[in-house]
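[1] Let's see this in three dimensions:
(chains A and B)
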There are 2 protein chains.
Amino acid sequence: MSGPVRISLDAMGGDSGPAMVIGGANRSLTRHPGSEYLLFGDEAKLYPELKQYPELEKKSQIIHTDISVEMGEKPSQALRRGRRNSSMWMAIDAIKQGKADVCISAGNTGALMAMAKLCLRTIADVDRPAIAALWPTVRRDSIVLDVGANVGANASQLVDYALMGSAMARALFSKERPRIGLLNVGVEEIKGLDEIKKAATMLRQIDLPFEYHGFVEGDDLGQGHVDVIVTEGFSGNIALKTAEGTARQIGTYIKDAITRTWITKIGALIASGGFQALKRKMDPRGMNGGVFLGLNGLVIKSHGGTDAKGFASAIDLGYDMASNMLLESLSHDIETLHQSLSNNEEHT
Amino acid sequence: MSGPVRISLDAMGGDSGPAMVIGGANRSLTRHPGSEYLLFGDEAKLYPELKQYPELEKKSQIIHTDISVEMGEKPSQALRRGRRNSSMWMAIDAIKQGKADVCISAGNTGALMAMAKLCLRTIADVDRPAIAALWPTVRRDSIVLDVGANVGANASQLVDYALMGSAMARALFSKERPRIGLLNVGVEEIKGLDEIKKAATMLRQIDLPFEYHGFVEGDDLGQGHVDVIVTEGFSGNIALKTAEGTARQIGTYIKDAITRTWITKIGALIASGGFQALKRKMDPRGMNGGVFLGLNGLVIKSHGGTDAKGFASAIDLGYDMASNMLLESLSHDIETLHQSLSNNEEHT
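    Numbers count the residues shown, from 1 in each chain, chains lettered A, B, ... in the order given. So this is what the prediction gives:
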């Protein structure tokens, strides 16, 4: 992509609002000086924050609106109240207008998805969008989708998810043919849902721009044997939150272990170099952002409860995807797949 | 329960077979001297192992069979080949015959479930069994079910699971009215499956022998706010394996952190008291055993890849449940519930 990456931010979203959003933008800017920002929200709140960062101020434009979507609002309510004029809607709409390359919000997930679908629409041939998350593993990062856009998915929707995930992997990991796995259960008697088995058959038969690896189980998620793991949104959401919860739980155990006695405290102090590295690895702020895939535009949902550091990670992710032309590559793959599918049907 | 707890073991199950099973029984016996063992399997392999533990030998009886179920066998194959005469079947059948109070196997899960269902049948009014797992949390342990007996569940099956889980919690945690949560997803737009919502409505309306807490999400699993978490088997299996995988992944990170430099190694050595405690907490062998609930008999599936220490945990679990009369309490609760449900129907 030539020219600056233009990033549109819902500056009112998230538990801590403008300070977190603008602080995050400033952090991300130091890493990506070639980015520009559109900040949507209440100017009276945004400007005092922006003034603190002269470099960011030069690259940013505030677009005022005094309407913002509440964290607890139902999507339908948010649409009634905030369609066209809320900071969330306007930030998304900036992509549609060609004024921005990617939009990031830490606001209400349901409202963000509803507005993004209504404003941007799904890519032709895609039934519905999915939310993709980056997943840390013992090898490199991987991508898991859908982590909560929709409950359930049929075989051809799972195949679309695989294609969208592989386009994202290509954009982020610079890997020509990413490896894709289908999440399933391993208990011999049940071996998964019919739609997953059907998706597996489809993935083995079609000519695809990725390597289909086969089924993977929940304990493969952290192992990094594949680049993308595909599942429907209910189990994907459960898996994502279970992993986050388990990491937090073990974080508590580690803290208890090293603060147990004064001797363990001294030992931990001496080993602090190692613990800093561990802390960085386990810091959820280092990997923040659910990517909405399948829409005519890039939208990223940041954790609502994160801080400037975490929000900056979500912006970084958006920057990487926009500068690697994710959307173009994804649309191309989807079009090619559906053409070959309909050719197949004509010939048979 | 008065008298010894009689434990029937499939001595041929698991990746390491008789040595692991008999070694595990010996460990468990030191903790529960009031137990007796029936060991099913190839006498020529079992006896040399048993001979090593004179105390266990006094409490054990070997019942010979040279047929055993393979780990990779399909349940239907296992049934054709091993019904009535395999170590797995005979170990289960000992419960039906009233010769044992609980059966434990580290063999093929699908075959074990198929044989247990066929041999023991489900409790009257229960559609189908579930597999329950103990789940470590930052507070006390909790119980999660179904972790993989069946894909999907309707509302009344979820209510049965809640009842079975609460009976298990009562037996293991000595808590008169355990707190029960329903696993769901939190994304506002989708808020879960219809059957889960229906189950929630039922749980709020019926008079139950437990406290219904409401929905919980994946990240609540490790927090211990409730005693029992109910879900259908697909997402339950994914959650269980995701948590196991995440724990293993973080275990790798911790190892890397403390072996990073010679300074971190010295620090870790000094803090080793804390690390021993951490290691114990994260040792999957300390919590081993999927409990088959809803059958006319107690059957426990141990991890196939565990060792004697892990297998002993599964036996301990069986001992606790048998001595606390889980089966009787569960059957009573199920009967009471279904009576009150049908009374309700008559009155409305």
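
[2] isn't residue A:93 right up against residue A:119?
    Yes - applying CB atoms under 8 Å, one finds residue A:93 in contact with residue A:119, separated by 5.6 Å. Every C-beta, even on glycine, is put in place using the N, C-alpha and C of the backbone.

[3] Who has more neighbours out of those two?
    A direct count of neighbours by other CB atoms under 10 Å in any protein chain shown for residue A:93 and residue A:119 places residue A:119 higher, at 23 against 20.

[4] what about the residue lying closest to residue A:76 once chain neighbours are set aside, which helix or strand?
    Distance criterion CB to CB, 6 or more residues apart in numbering or on different chains; nearest residue to residue A:76, sequence neighbours excluded, is residue A:114 at 7.6 Å. Using DSSP states H and E, residue A:114 maps to helix A:109-120.

[5] Report pLDDT for the residue nearest to residue A:76.
    Listed pLDDT for residue A:114 reads 94.

[6] what's near enough to touch it?
    Residue A:114 is in contact with A:75, A:76, A:78, A:79, B:189, counting by CB atoms under 8 Å, 6 or more residues apart in numbering or on different chains.

[7] just curious, which of the residues you listed is nearest to residue A:46?
    Residue A:46 has its nearest neighbour among these in residue A:78, at 20.4 Å by CB to CB.

[8] Which residues does the helix or strand hosting that closest one contact?
    Applying DSSP H and E as the criterion places residue A:78 in helix A:75-82. For helix A:75-82, contacts defined as CB under 8 Å, 6+ apart pick out A:67-70, A:73, A:86, A:88-89, A:108, A:110-111, A:113-115, A:118, B:188-189.

[9] Filter those down to the buried ones, PyMOL style.
    Filtering those down to the buried ones (16 or more other CB atoms under 10 Å in any protein chain shown) takes a single PyMOL command:
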select buried, (chain A and resi 67+68+69+73+86+88+89+108+110+111+113+114+115) or (chain B and resi 188+189)
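
[10] residue boundaries of the helices in the stretch 151-300 of chain A?
    Ranges of helices in the stretch 151-300 of chain A, per DSSP state H, counting those that start in this stretch, are A:155-173, A:194-205, A:233-258, A:262-270, A:272-282.

[11] could I get those helices as a markdown table with distance to chain B and mean neighbour count?
    Output for the helices of the stretch 151-300 of chain A, formatted as a markdown table (distance: least, CB to the nearest CB, whole Å; neighbours: other CB atoms under 10 Å in any protein chain shown):
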| stretch | distance to chain B | mean neighbour count |
| --- | --- | --- |
| helix A:155-173 | 14 | 24 |
| helix A:194-205 | 9 | 16 |
| helix A:233-258 | 3 | 23 |
| helix A:262-270 | 3 | 17 |
| helix A:272-282 | 4 | 17 |
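
[12] Can you convert the ones you listed into a markdown table and add a column each for mean pLDDT?
    Formatted as a markdown table, the helices of the stretch 151-300 of chain A follow (pLDDT from 0 to 100):
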| stretch | mean pLDDT |
| --- | --- |
| helix A:155-173 | 92 |
| helix A:194-205 | 90 |
| helix A:233-258 | 88 |
| helix A:262-270 | 81 |
| helix A:272-282 | 77 |
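
[13] Distance to residue A:320 added to those, as JSON lines?
    Compiled in JSON lines, the helices of the stretch 151-300 of chain A are given as follows (distance: least, CB to CB, whole Å):
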{"stretch": "helix A:155-173", "distance to residue A:320": "6"}
{"stretch": "helix A:194-205", "distance to residue A:320": "26"}
{"stretch": "helix A:233-258", "distance to residue A:320": "20"}
{"stretch": "helix A:262-270", "distance to residue A:320": "35"}
{"stretch": "helix A:272-282", "distance to residue A:320": "19"}
